[in-house]
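In: dropping the sequence and predicted coords here.
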Amino acid sequence: MEYWQLQQRQGLDLRVKVELSKKRIRDFYEKLNGEVYVSFSGGKDSTVLLYLVRSIYPEVPAVFVDTGLEYPEIKDFVRTIPNVTWVRPKITFKEVLDKYGYPVISKKTSRMLRDLQNPTDKNQTSRNLYLTGIKSDGSKSLHFKLAKKWYKCIKAPFKISGKCCDIIKKSPIREYEKLAKRASYIGTMASDSMQRKYAYLKTGCNSFDNKIQSIPLAFWLEEDIWNYIKQNNLAYSKIYDTGVKRTGCMFCMFGVHLEKGENRFQRMKKSHPKLWDYCINKLECGKVLDYINVNYK
């Protein structure tokens, strides 16, 4: 798919988007003989997705990953939804931090920094790419070159890693899929990130190749989500009414350095002071935020 096609779909009227998404939902369901589920985070996007899927197939189950890092308001909302299976990671967030390192800057940057902090013969080629932008064949790939402003993090007094999401979120889901033999509907959108945009351009909404999954809201925009919620009077987590815009893991530091005005940790100090104290002081995320010059007070 070409980028202009994505832009064209993103510009469609919401009523048209809804019908297109329902078609993708039906196609995926029929292809897999109903062996599907909705990946339900309790956030606004997956709330709309679950409503759409169950408006066609009421019996489709939902799965919520209780990472221990969700806002209390998210868990409270999930408890109100029927037919939701809760799954949990095998180790805690603290154990991930201790063993692998802190999620900081972005998933890609954290992955680079983990290799650069832990040099081995096996990752020598990757480390050279991250520092120079030059691949083993001599060609350039600046997309995988570490930004110079993060060079200081190579020698940071703490470990950095992007493995948290894989261990805390994806691993429990993979285990569920293996046991239940079901494939997922996921409420991500191409507008969420460059990575998700490229994924959609590569596979479209429904993928049946390496990773079998459906992202039927991929061409929606955030304003579509809120408009749909209002038009259909959908219940949603009240955490959004406190000013929180993203409801992923509370203690994740990915992208916080880009937030303008009051950032997620400053808001957390006001809204959830006990959790803020645990994050900043007990988990020592404060020292990481200090190191990358992010104010959290």
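Out: In hand now; what should we look at?

In: okay, CA-based contacts and neighbour counts for the rest of this
Out: Will do.

In: break this protein into its domains for me.
Out: Domains of the chain are assigned by automatic domain parsing as 3-91+164-248, 104-155, 264-297.

In: centre of the chain to the shortest one, how far?
Out: In terms of CA atoms, centre = their mean, to the nearest Å, the gap separating the centre of domain 264-297 from the centre of its chain is 20 Å.

In: please point out which parts of it sit buried.
Out: 264-265, 267-269, 275-277, 279-280, 283-286, 288-289, 292, 294, 296 (16 or more other CA atoms under 10 Å).

In: where do the strands sit along the stretch 101-250 of the chain?
Out: For the stretch 101-250 of the chain, the strands defined by DSSP state E, counting those that start in this stretch occupy 104-105, 183-185, 206-207, 213-214.

In: would you list these in JSON lines and tack on mean neighbour count?
Out: What follows is the strands of the stretch 101-250 of the chain, written out as JSON lines (neighbours: other CA atoms under 10 Å):
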{"stretch": "strand 104-105", "mean neighbour count": "22"}
{"stretch": "strand 183-185", "mean neighbour count": "24"}
{"stretch": "strand 206-207", "mean neighbour count": "18"}
{"stretch": "strand 213-214", "mean neighbour count": "22"}
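
In: now render these as CSV, adding distance to K159.
Out: Output for these, formatted as CSV (distance: least, CA to CA, whole Å):
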stretch, distance to K159
strand 104-105, 10
strand 183-185, 33
strand 206-207, 35
strand 213-214, 33
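
In: now L129. Nearest residue, chain neighbours left out?
Out: K135 (5.5 Å; CA to CA, 6 or more residues apart in numbering).

In: in contact with F251, which residues?
Out: Applying CA atoms under 8 Å, 6 or more residues apart in numbering, we find F251 in contact with L69, C279.

In: mean confidence for stretch 241-261?
Out: The average pLDDT within stretch 241-261 is 90.
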